[in-house]
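**Q** Turn this into a model:
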Amino acid sequence: MALRAFTSIAEIAPNRAALLARAGWLLLTAKKYEMAEQMFREALKNRQDDCNIYRGLALSLWLNGKHDGAAKALEDALAKDFNQRYGDAKRVLREELGYILRAWQKKEPAQADAINARANKAGVRLDLYDAFRATLCWETDANDVDLHVADPNDEECFYSHKNNKSGLDLYSDQTQGLGPEVIRTAKAIPGTYHVAVNYFSAGPMGVSRGVVVVMQPKDGIVEEPQILPFCLVPGGPDMRHLTVAKF
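**A** Residues are numbered from 1 along each chain as shown. Predicted structure coming up:
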């Protein structure tokens, strides 16, 4: 019944890319990767200017073991020019491509030379990766949602405090809608990290739906990212706590 509810979005709004992508993210939480892939591909038919749809498509392929297709989805996105309101989207895409290529290289070491060549062509450094990474995107233009992460010392990283003593770093803060925003660190400290989103400013469309993807790589390899869809309503609590990451 849950799958029926998720996929019914395509029947209700077959031409609305944002809602199709929302269905894709929801299906990822249910680990229905092929269904999620279909949703993201349909969304791209109607909206190719949103880099986050490419990110969702790549994630659905990657988690389904289709590393070549996942890499191509992000390579296609890197070939496009996105509006400046997406901020440093190309950096986000390259770093996520790095995780796909490293996972592919681990799965198929015989393909190492070809994978390295693709990394070099895309400007991806396979030797650079995070210990903790949280990425926020949302689907409603003119809304401003902010990503917040508190480290084990209770020092918060967010738009007005972008660099923590423990190493947390925020880049690509977006104020006009859609994201992506990233908070990451190359070295995690022992303890619990808290991840939250804040509805900083509600635009004319009111409700803001989005997703946060949390990764805890080990030696650059991500086994199973946390995929955390959310819905924020004007007039509700500004801050929404989503998850914790323990080290």
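
**Q** which residues sit against whatever helix or strand Asn120 lives in?
**A** Using DSSP states H and E, Asn120 maps to helix 112-122. Under the criterion CB atoms under 8 Å, 6 or more residues apart in numbering, residues 71, 74-75, 78, 94, 97-98, 101, 104-105, 124-126 lie in contact with helix 112-122. Using the backbone N, CA and C atoms, a C-beta is placed for each residue, glycine as well.

**Q** let's see 7 Å
**A** Helix 112-122 has contacts (CB atoms under 7 Å, 6 or more residues apart in numbering) with Ala71, Glu75, Leu78, Arg94, Leu97, Leu101, Trp104, Gln105, Leu126.

**Q** Next secondary structure after that helix?
**A** strand 132-138.

**Q** need the contact list for Ile53.
**A** Ala17, Ala21, Phe40, Ala43, Leu44, Arg47.

**Q** and it, that's in a helix?
**A** Yes: under DSSP: H, G, I helix; E, B strand; the rest coil, Ile53 sits within a helix.

**Q** how near is it to Asn153?
**A** Distance, Ile53 to Asn153, using CB to CB, to the nearest Å: 36 Å.

**Q** what's the answer for Gly56, then?
**A** With the distance defined as CB to CB, Gly56 ends up 33 Å from Asn153.

**Q** Look at these two and report which has more neighbours.
**A** The neighbour count for Gly56 versus Asn153, taken as other CB atoms under 10 Å, is higher for Gly56 (28 against 11).

**Q** And the pLDDT for that one?
**A** Per-residue pLDDT puts Gly56 at 98.

**Q** Neighbours of Pro190, how many?
**A** For Pro190, the count of nearby residues is 7 (other CB under 10 Å).

**Q** Can you find the helix or strand in this protein with the smallest mean pLDDT?
**A** Ranked by mean pLDDT, DSSP states H and E, the weakest helix or strand in the chain is helix 2-12, scoring a mean of 88.

**Q** between the longest helix along the chain and helix 112-122, what angle do the directions make?
**A** Scanning the chain for the longest helix, with DSSP state H as the assignment, gives helix 89-107. Per axes from the mean of the first three to the mean of the last three CA atoms, to 10 degrees, the angle that helix 89-107 makes with helix 112-122 is 180 degrees.

**Q** Please, where are all the helices along the chain?
**A** Under DSSP H, the chain gives helices at 2-12, 17-29, 33-46, 51-63, 67-78, 89-107, 112-122.

**Q** Highest mean neighbour count out of the ones you listed?
**A** Most buried of the helices of the chain, by mean neighbour count (mean count of other CB atoms under 10 Å): helix 51-63, with a mean of 25.

**Q** And the pLDDT for the closest residue to Glu75 other than its chain neighbours?
**A** Spatial nearest neighbour of Glu75, excluding adjacent residues (CB to CB, 6 or more residues apart in numbering): Ala122 at 5.9 Å. According to the prediction, Ala122 has pLDDT 98.

**Q** do the same with Pro204
**A** pLDDT recorded at Pro204 is 64.

**Q** Which segments of this structure make up each domain?
**A** Per the record, the chain has its domains at 2-122, 132-246, by automatic domain parsing.

**Q** The closest residue to Trp104 other than its chain neighbours: what's it in contact with?
**A** Leaving aside its chain neighbours, Trp104 sits nearest to His67 (3.5 Å; criterion: CB to CB, 6+ apart). Residues in contact with His67 (CB under 7 Å, 6+ apart) are Ile100, Ala103, Trp104, Lys107.
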